[in-house]
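[1] Got a predicted model here, sequence first, then my questions.
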Amino acid sequence: MKSIIIAENVSKKFHQRVRQSGFVGALRGFVAPVTRPICAVEEISFSIQAGEAVGYLGPNGAGKSTMIKMLTGILTPSAGSVRVLGRQPHQERVANAFEIGVVFGQRTQLWWDLPLVDSFELHRRMYRVPDAVFGRNLAELTGMMGLTTFIERPVRQLSLGQRMRAEIAMALMHDPKILFLDEPTIGLDVVAKDVVRKFLARINRERGTTIILTTHDLQDIEEICPRLIMVDEGRLLFDGSLSALRVSFGARRRLTLEFAGEPGDVRVSGAEPAGGEGLVREFLLEDDGRSLVQIMTALQADADLRDVRLHEPGIEEVIRNHYQSRVPA
Ligand SMILES: Nc1ncnc2c1ncn2[C@@H]1O[C@H](COP(=O)(O)OP(=O)(O)OP(=O)(O)O)[C@@H](O)[C@H]1O
C-alpha cells in the first residue's frame with residue numbers, strides 16, 4: 001500500500017501575544033508587544049495509506065486543527081516535513097487543493113446569500129470539474145445526504161445540520177482523493193451526527209476516499225475510523241486501533257459478583273480483587289480475551305451467586321482515565 005500522507009517530526013510554533021493589564025499595559029502592548037512561544041505541534045510523525053479513515057483526537061488546544069492546517073497547506077510547519085500525495089502542501093497549495101477536499105466544522109465554505117445549488121456550481125467552476133463528473137456527483141451526493149428538498153434555498157436559511165451535510169457534499173464534488181474534516185459533527189444533534197457519520201463511512205468504503213477527521217467525539221471514531229491518532233499538548237500519545245488503545249492504556253474489564261450470602265474469600269483465576277463490600281465483590285480481569293462463561297467456570301466459590309455484571313470500559317472512560325492520571329492533583 002502507498003502512503004499518501006507522511007508527517008515526519010513535524011512541529012509548529014506560534015508566538016502568542018501576552019496581554020498586559022490596564023490602559024498603560026494595553027498601550028505598551030500596542031507599541032512594544034510581548035510574545036511568548038507556544039508549541040502547538042511537537043515532533044509528530046505518522047503516515048497514512050490510501051483508503052484509510054483516521055480519527056485525529058485530542059482535548060481542546062491539543063494541536064488538531066494546526067495539524068490539519070499544515071496537511072492542507074494553510075500553515076507551514078516550523079520544523080519537520082509534511083507530504084500529501086507527494087507534495088509539500090504549503091508550497092504547492094493550489095495543486096494540492098485540486099486533489100483534496102476540506103471541511104472546517106466551524107467555518108462555512110458555502111455562499112451565505114446564494115441558493116445552495118449555486119455554491120455547488122461555483123465550486124464546479126473553481127475546481128474545473130468536468131460536466132459528467134459534476135452531474136454524477138451532484139445527483140449522487142445530494143441524494144445520499146438528503147439535500148434535494150432545500151437545494152434551492154439560500155444557505156443562510158439552512159439549519160446547522162443541513163449546512164454541514166451540504167459542506168461535506170460540496171467538498172466531494174471534485175472527486176478528491178483525500179477528505180480532511182475538522183470537527184465535522186460539532187454542534188449537530190444526534191440524528192444529524194448519525195447521517196454525517198454513516199455518509200462518511202460509506203464514502204470511505206465505496207469510493208475509497210481517504211478520510212482524516214479531527215474530533216472530540218469518540219463515537220465519530222468508533223463509527224468511521226478504524227485507526228485513531230491521539231494527541232495532547234502537541235505531542236503524539238497513541239497511533240493504532242481502538243482495541244489496541246484499550247490494551248495500551250491498560251483498560252481492564254471489571255467483574256462484579258453479588259452473592260446471596262456471605263461468600264468468604266472469593267477468588268477468580270486471572271483476576272485481581274478490586275474491592276466491593278457486603279455481599280458484593282469486584283475484580284479486574286486480565287486482558288486475555290476470556291468470555292464471561294469461561295470466567296464463571298473458573299470462579300472458585302461455593303456460595304450462591306445472585307448476580308454477575310461485567311463492565312467493559314468505554315473508550316471515553318479509557319481516555320478520561322488517561323488524561324486524569326496525567327493531571328497533577
Ligand atoms: N494562529 C495562532 N496563533 C497563536 N496560537 C495559536 C494559533 N493557532 C493555534 N494556536 C494555539 O496552538 C494550540 C493548538 O491549537 P489548535 O487549534 O491546533 O488545537 P485544537 O486541538 O484544534 O483545539 P480545539 O479542539 O479547541 O479546536 C493552542 O494553544 C492554540 O491557542
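    Yep, it's here. In this text the structure is predicted, and so the values were computed from the model without any measurement.
[2] Low-confidence ranges, the protein, go.
    In the predicted model of the chain, residues 1, 250-251, 287-289, 300-303, 314-316, 321-329 satisfy pLDDT under 70.
[3] Would you state the helices of it in chain order?
    Using DSSP state H, the helices assigned to the chain run over residues 22-31, 64-71, 93-99, 116-126, 131-145, 160-171, 190-207, 218-224, 242-248, 292-297, 315-326.
[4] The ligand contacts on this protein?
    Taking C-beta under 6 Å from any ligand atom as the contact definition, the chain meets the ligand at 14, 16, 38, 40, 58, 60-66. (Each C-beta comes from the backbone N, C-alpha and C, glycine too.)
[5] most surrounded residue in those residues?
    Ranked by neighbour count (other C-beta atoms under 10 Å), the residues of the chain next to the ligand have Gly63 at the top, with 26 neighbours.
[6] Verify the contact between it and Val41 for me.
    Yes - the criterion here is C-beta atoms under 8 Å, and Gly63 meets it with Val41 at 4.5 Å.
[7] Pull up the overlap in contacts between those two.
    Counting by C-beta atoms under 8 Å, 6 or more residues apart in numbering, the shared contacts of Gly63 and Val41 are 12, 231, 234.
[8] can you pull the contacts of the nearest residue to the first one once chain neighbours are set aside?
    Spatial nearest neighbour of Lys12, chain neighbours left out: Val41 (4.2 Å); criterion: C-beta to C-beta, 6 or more residues apart in numbering. Contact analysis of Val41 by C-beta under 8 Å, 6+ apart lists 10-12, 63, 66-67, 70, 77, 231, 234.
[9] The same query, at a cut-off of 6 Å, please.
    10-12, 63, 66-67, 234 (C-beta atoms under 6 Å, 6 or more residues apart in numbering).
[10] before we move on, what about Pro115?
    Residues near Pro115 by C-beta under 6 Å, 6+ apart: 152, 154.
[11] same thing but 10 Å
    Shown in contact with Pro115 (C-beta atoms under 10 Å, 6 or more residues apart in numbering): 121, 150-155, 157.
[12] can you check Ala244 too?
    So Ala244 contacts 227-228, 238 (C-beta under 10 Å, 6+ apart).
[13] Highest neighbour count among these?
    Top of these by neighbour count (other C-beta under 10 Å): Leu228, with 22 neighbours.
[14] Thank you kindly, that will do.
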